[in-house]
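Visitor: could you work out the structure for the sequence below:
(3 chains)
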Amino acid sequence: MKLTREMLGGTPLKEDDFAKGKTLFLDDKLRTAYNWDAGVAMGKFLAGLKQGKILGVRCRKCQRVVTPPRVFCEACFAPIDEWIELADSAVVDSFSICYVRWDASRIEKPEIPAILLIDGADRAGIMHMLGEIEPDKVKIGMKVKAVWKPEKERAGSILDIRYFRPVR
Amino acid sequence: MALTEKLERNLDLKSVYMEMPVRHRYTLGVGGEKFFRGLKDDGKILASKCPECDSWFLPPAIFCEQCFAKMDEWKDVGLSALVVSFTVAHVGLDGKRLDEPVIYALLGWPGVEGGLIHRLGELKPEEVYVGMKVKARLLAKKERQGLITDIIYFAPEK
Amino acid sequence: MGMKRVAIVGAGITKFMRRGQETGRELSYHAASMALKSAGMTLDEVQCVAESTGPDAFDGVHMNGEYLSDGSGGWRKPYLRSYVGGGSGVFVVNHGWYQVASGLFDTCLVVASEKMSSCHPHPQGAFLNIFDNFIERPLGCNLLWIFALEMNRYMTVHNIPHEQIALVSVKNKKNALDNPAAQIPEKVTVKDVLNSEVLAWPVHRLDISPTTDGAAALVLASEDVAYKYTDKPVWIDGVGWCLDTAYWTNKDLYYPRYVEKAASMAYKMAGITDPRREIHVAEPYDPFDYKELHHMEGLLLCDKGEAPKLTEKGVTQRDGEMPTCPSGGLLGCGNPIAASGTMKVAEIFWQLRGEAGPRQVTRECRTGLAQAWGDLMQVGTVIVLRK
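Guide: Residues are numbered from 1 along each chain as shown, chains lettered A, B, ... in the order given. So this is what the prediction gives:
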């Protein structure tokens, strides 16, 4: 059964069909607002950030040290109750240089999101931004350190860390 | 309030309040486009017929979901309908009490399967009964947009 | 094992479009009715329906599966929707498979439909919550980041230049020129890809497949009735699926181990011990060009890091030893999230029957494979087909 265009359903519209009134439409906004609970583990992690600490947890069964913390090990399915303070330094596992926002609009100064493996954890990390570095100087494997907001400005948020900068 | 502000002010560390930033622009579909143009341009309510099932359907569509046949035959069923069922709303979408109750009805047309949901107007809640004859009141043609609200409500047929 | 053999006996797809006039339900109908017609099966003979569609937030329709069911032949039938992100398109066929293999039903209509153009300003808005609300969203993240991070890791670990990766985009967009359903078939060069706008380095605009409205459908039949509908049934000999952790920053993104696990499950069932020799045509998931390579390695079709070299040598062209994405893939045809994978299964179906017309691969093929991927670098879904 060789495909031909005639066999296929579908009526493509052009970008300006709406503006030109060629196609009727209905605009609506989903009324979605959520109040998400942090959960037990995340709540404690955020409290740690307020104190200027990056916390991790250790699974008693497989001995993995991971962050972000969780109350159960997803690999062993065992509960976790051992909390550890990790370093606030990390290794860059990957990074990107981003020139667009999520709605596809362009931004002037590129942002550098990165996956950062936190020192002290077993190949576990978080996503955060890199700063104080030119995009073309970033390398996978670079050592970086957290730049914190001053204590009185910290609120128990991931933004209590402004960004990570190269270790000099 | 910007998301970052919300999070920075959340000293309870317990929860964060956010929205999903989406809105939608719905096309009406090939069938829907035909139905709503009928309403907008001609002030008509159209139904479609399934040749296999030998039945007329409202709202109309380009195919019959019961037997999958294409529905090519359409007709004007008129603005007069019967109240098949109804309810009286005293509370709005936001959970607050309405100043005036609103009557919603399922409207049927004789010889047509299905029907339309709309409001009833020009009558009091206690006057509504199942089987009542009502007729669609339309907006003036230049005000119609090709939406179900081109019908203001269905009112008792005098 | 007590299971019945299941065959695909018909297939249908719609045109893949940036924005279609049709509602999701009408798209489902077009694909489903085309599939039924191709098998000569009536709606009455369909005993159950398996459907997949992307997040409700795309279409902006709550309980989207239930809404689409009327267009998918689900009226008053045992109907079930399944969803694993982009992996759905292949998983929904697996889902249909086990409904028939169990012996509970003789026939199943499988439909996958996506109407993501309704979502404004960009379907990405519906996806933002895939990130952690507490430690990721506040950074202002963007779905492109996770692909860029994965692509960078893959390129760096194996030392792959972007030029080699861009060859996939060139190949697939060119293959799509022979696919009447394709959204943006076009001839591009490696230079075009590298010169296209940088979005989130290393991702350029032409490295990515577009967002799309579209639907695809397949008709499944058990061994007891398959020959009633076709004299060339294509048998589902292997199915596999695997979900990895949602803690995506805790694993090395250079290799999709969940694809390997899903593939191993399917190969075991199909009695395949040497996929490189025994798989004759493949449709791995290619929402980004590097993903085709990433997945080829996860599917054990070559060594880790070897896929770009095979592409450069022409092995994955239609006239090569391991033709890959002869349909044009997502890069050429478009990416209607749930329907993309099902389109790939349909392509393998047509290839094995020798019905792919100008897209037909040169080599003899008896066994083919389709794979889909989804979520936060999480799911692999695989199907192995044999004629």
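Visitor: please name the residues that touch the residue of chain A found nearest chain B.
Guide: Minimum separation of chain A from chain B (Cβ to the nearest Cβ) falls at residue A:24, amounting to 3.8 Å. Where C-beta positions appear, they are placed from N, C-alpha and C, glycine not excepted. The contact partners of residue A:24, by Cβ atoms under 8 Å, 6 or more residues apart in numbering or on different chains, come to B:27-28, B:32-33, B:36-37, B:40, B:145-147.
Visitor: name the nearest residue to it, sequence neighbours excluded.
Guide: residue B:146 (3.8 Å; Cβ to Cβ, 6 or more residues apart in numbering or on different chains).
Visitor: what's the burial count for that neighbour?
Guide: 21 (other Cβ atoms under 10 Å in any protein chain shown).
Visitor: does it count as helix, strand or coil?
Guide: Under the three-state scheme (DSSP: H, G, I helix; E, B strand; the rest coil), residue B:146 adopts coil.
Visitor: quick check, it in contact with residue B:28.
Guide: Yes: with contact defined as Cβ atoms under 8 Å, residue B:146 and residue B:28 form a contacting pair (7.4 Å).
Visitor: return every residue with contacts to both of those two.
Guide: Shared contacts of residue B:146 and residue B:28, defined by Cβ under 8 Å, 6+ apart, are found at A:24, B:36.
Visitor: any idea how far residue B:24 is from chain A?
Guide: With distances taken as Cβ to the nearest Cβ, to the nearest Å, residue B:24 is found 5 Å from chain A.
Visitor: any idea what that residue is bridged to?
Guide: residue A:28, residue C:119 (DSSP bridges).
Visitor: can you check residue C:112 too?
Guide: Beta-bridge partners of residue C:112, counted by DSSP bridges, are residue C:52, residue C:216.
Visitor: and it, how far from chain A?
Guide: For residue C:112, the distance to chain A (Cβ to the nearest Cβ) stands at 14 Å.
Visitor: tell me the pLDDT of the closest residue to residue A:137 other than its chain neighbours.
Guide: Take residue A:137 and drop its neighbours on the chain: the residue closest to it by Cβ to Cβ, 6+ apart is residue A:166, 7.9 Å away. Looking at residue A:166, its pLDDT stands at 97.
Visitor: residue B:11 now?
Guide: Note on residue B:11: pLDDT of 43.
Visitor: pull out the buried positions in the strand or helix carrying residue A:162.
Guide: In the assignment (DSSP states H and E), residue A:162 maps to strand A:161-166. Under the neighbour-count criterion of 16 or more other Cβ atoms under 10 Å in any protein chain shown, strand A:161-166 has A:161, A:163-164, A:166 buried.
Visitor: in JSON lines: these, plus distance to residue C:72.
Guide: Formatted as JSON lines, the buried residues of strand A:161-166 follow (distance: Cβ to Cβ, whole Å):
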{"residue": "A:161", "distance to residue C:72": "48"}
{"residue": "A:163", "distance to residue C:72": "48"}
{"residue": "A:164", "distance to residue C:72": "48"}
{"residue": "A:166", "distance to residue C:72": "54"}
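Visitor: is it fair to say residue A:48 lies in a helix?
Guide: Yes: counting by three-state DSSP, residue A:48 is located in a helix.
Visitor: which one is residue 23 nearest to, not counting chain neighbours?
Guide: No chain in the question, so chain A it is. Leaving aside its sequence neighbours, residue A:23 sits nearest to residue A:17 (Cβ to Cβ, 6+ apart; 4.5 Å).
Visitor: ah, I was thinking of chain C
Guide: residue B:29 (3.5 Å).
Visitor: the residue nearest to residue A:137 contacts residue A:142, doesn't it?
Guide: Yes: using Cβ under 8 Å, residue A:166 makes contact with residue A:142 at a distance of 6.0 Å.
Visitor: picking that back up, and the gap between the residue nearest to residue A:24 and residue B:33?
Guide: As judged by Cβ to Cβ, to the nearest Å, residue B:146 and residue B:33 stand 8 Å apart.
Visitor: then residue C:51?
Guide: From residue C:51 to residue B:33 the distance is 24 Å (Cβ to Cβ).
Visitor: between these two, point out the one with more neighbours.
Guide: It is residue C:51, of residue C:51 and residue B:33, that has more neighbours when counted by other Cβ under 10 Å, with 32 against 21.
Visitor: now do the helices in chain B.
Guide: Along chain B, counting by DSSP state H, helices occupy B:3-8, B:29-42.
Visitor: for the last one, buried residues please.
Guide: For helix B:29-42, a neighbour-count test (16+ other Cβ under 10 Å) marks B:29-36, B:38-40 as buried.
Visitor: picking that back up, output the contacting helices and strands for the strand holding residue A:162.
Guide: Where contact means 3 or more Cβ pairs under 8 Å, 6 or more residues apart in numbering or on different chains; DSSP states H and E, strand A:161-166 is packed against strand A:125-129, strand A:143-148.
Visitor: may I see those organised as JSON lines, with distance to chain C added?
Guide: Formatted as JSON lines, the helices and strands packed on strand A:161-166 follow (distance: least, Cβ to the nearest Cβ, whole Å):
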{"stretch": "strand A:125-129", "distance to chain C": "5"}
{"stretch": "strand A:143-148", "distance to chain C": "13"}
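Visitor: which of those strands is buried the deepest?
Guide: strand A:125-129 (a mean of 24; mean count of other Cβ atoms under 10 Å in any protein chain shown).
Visitor: what lies in contact with that strand?
Guide: The contact list for strand A:125-129 (Cβ under 8 Å, 6+ apart) reads A:67-68, A:90, A:93, A:111-118, A:158, A:161, A:163-164, C:135-136, C:139, C:141, C:145, C:149, C:249-250.
Visitor: quick one: strands adjacent to it?
Guide: Checking strand A:125-129 against DSSP bridges gives partners strand A:113-118 (antiparallel).
Visitor: ok, and what's touching the strand it pairs with?
Guide: Contacts to strand A:113-118, defined as Cβ under 8 Å, 6+ apart, come from residues A:54, A:56, A:67, A:86-96, A:98, A:123-130, A:138, A:144, A:164, C:139, C:141, C:145, C:148-149, C:153, C:249, C:253.
Visitor: ranking helices and strands of the chain by mean pLDDT, which lands last?
Guide: Defaulting to chain A. strand A:33-37 (a mean of 86; mean pLDDT, DSSP states H and E).
Visitor: look at chain C instead
Guide: Within chain C, no helix or strand scores below helix C:124-127, which has a mean of 82 by mean pLDDT, DSSP H and E.
Visitor: and the helix or strand following that helix, what does it pack against?
Guide: Scanning forward in sequence from helix C:124-127 by DSSP H and E, the next helix or strand is helix C:143-158. If contacts are counted by 3+ Cβ pairs under 8 Å, 6+ apart, helix C:143-158 sits against strand A:89-95, strand A:97-100, strand A:113-118, helix C:162-175, strand C:198-201, strand C:203-204, helix C:289-298.
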